[in-house]
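**Q** Below: sequence and its predicted model.
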Amino acid sequence: MSKIWFFGDSFCTNNDNWVAQVAKNLDCEIASFGVAGSSIDFLAETLIVNRNLILKEDYVIICITDYVRHYFRGLNFRIHTAHNPHDDYCTFDSSKGLFVPIDEDKILAYEEFIKHLYTDEIHKTNSFIITNHIINEIIPSLPTKKVIYFFSLADDIKTFEFYKQNQSVICKPLYRVFEEYVESTEDYKKLNEEDQQTLKAKLLLSNNHFIEDPEYYKVFWKELNPVLELIGAQTKIN
């Protein structure tokens, strides 16, 4: 039986909604999921580590996250956490299936790094280089050719001078699909700006950030189907 491999961030972490539906469409067993809060560095590492486990008949779906994350010694850090005292430092523990706190000494080390050594423009460029390598070198090297990728949060790598894509169809980032739908609803429009942000944050807590609403199903699959169709994984829209 063929397997389907999901690599990436929280947009493909759970065996639920769109992830489960795609596996059902392909009649595949799910071999792996994304890791919530993970970085581009982590994505590259997991693809390389698992490359030889993927078979020719398997499928691979990759969700490429934003650059504003770091990966050090098995820990995923989010850059904005160092600037926001109200955010908690945590990393996703795959063995436990949940987020766990990061040790205080590692938090202090990360904050010192951000304060004294971090430069946003350099980190962004480095992340774009790695993303470009994933798209144009790692993906073509996988044993299967049935591979597609989505951008999870942003597609600003398209501004990178050396960016190339090896996929014939690219859709808008998954977060943008989510955000545009939420902002189009009447419930959202009735709220003040603070409550609008609260509503978005609440809806993002769902598995794979998927909205359980029949109207969202139509919007979501309409956006993703042209890419999913490349591997025969599209979903019929009622």
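**A** Great, that's in hand. Numbers count the residues shown, from 1 in each chain.

**Q** Let me see the ranges of the helices in the protein.
**A** Counting by DSSP state H, the chain has helices at residues 17-26, 40-50, 104-116, 120-133, 139-141, 174-184, 186-189, 193-203, 214-228.

**Q** Kindly reformat these as CSV containing mean pLDDT.
**A** Converted to CSV, those look like this (pLDDT from 0 to 100):
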stretch, mean pLDDT
helix 17-26, 97
helix 40-50, 96
helix 104-116, 92
helix 120-133, 96
helix 139-141, 96
helix 174-184, 97
helix 186-189, 94
helix 193-203, 95
helix 214-228, 97
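
**Q** want to try JSON lines for these, with distance to I4 and mean neighbour count as columns?
**A** All C-beta atoms are positioned from the backbone trio N, CA, C, and that covers glycine. JSON lines is the format used below for those (distance: least, C-beta to C-beta, whole Å; neighbours: other C-beta atoms under 10 Å):
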{"stretch": "helix 17-26", "distance to I4": "5", "mean neighbour count": "18"}
{"stretch": "helix 40-50", "distance to I4": "13", "mean neighbour count": "18"}
{"stretch": "helix 104-116", "distance to I4": "34", "mean neighbour count": "13"}
{"stretch": "helix 120-133", "distance to I4": "22", "mean neighbour count": "15"}
{"stretch": "helix 139-141", "distance to I4": "15", "mean neighbour count": "12"}
{"stretch": "helix 174-184", "distance to I4": "17", "mean neighbour count": "17"}
{"stretch": "helix 186-189", "distance to I4": "33", "mean neighbour count": "10"}
{"stretch": "helix 193-203", "distance to I4": "26", "mean neighbour count": "12"}
{"stretch": "helix 214-228", "distance to I4": "11", "mean neighbour count": "16"}
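
**Q** just so I know, which of those lies nearest N238?
**A** Closest approach to N238 among these (C-beta to C-beta): helix 214-228, 7.7 Å.

**Q** looking at the helices of the chain, which is closest to A82?
**A** From the helices of the chain, taking C-beta to C-beta, the stretch that ends up closest is helix 104-116, at 4.3 Å.

**Q** was I right about L204 contacting V182?
**A** No - with contact defined as C-beta atoms under 8 Å, L204 does not count as touching V182 (9.3 Å).

**Q** want to throw the helices of the chain into TSV with distance to Y67?
**A** Compiled in TSV, these are given as follows (distance: least, C-beta to C-beta, whole Å):
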stretch	distance to Y67
helix 17-26	24
helix 40-50	6
helix 104-116	14
helix 120-133	4
helix 139-141	18
helix 174-184	14
helix 186-189	28
helix 193-203	21
helix 214-228	21
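
**Q** quick one: which of those helices is nearest T159?
**A** Closest among the helices of the chain, using C-beta to C-beta: helix 120-133, at 8.4 Å.

**Q** Show me how far the closest one is from its chain's centre.
**A** Relative to the centre of its chain, helix 120-133 is centred 16 Å away, using C-alpha atoms, centre = their mean, to the nearest Å.

**Q** Mind giving me the packing neighbours of that helix?
**A** helix 40-50 (3 or more C-beta pairs under 8 Å, 6 or more residues apart in numbering; DSSP states H and E).

**Q** how big is the angle separating the helix it packs on from helix 120-133?
**A** Interaxial angle, helix 40-50 versus helix 120-133 (axes from the mean of the first three to the mean of the last three C-alpha atoms, to 10 degrees): 30 degrees.
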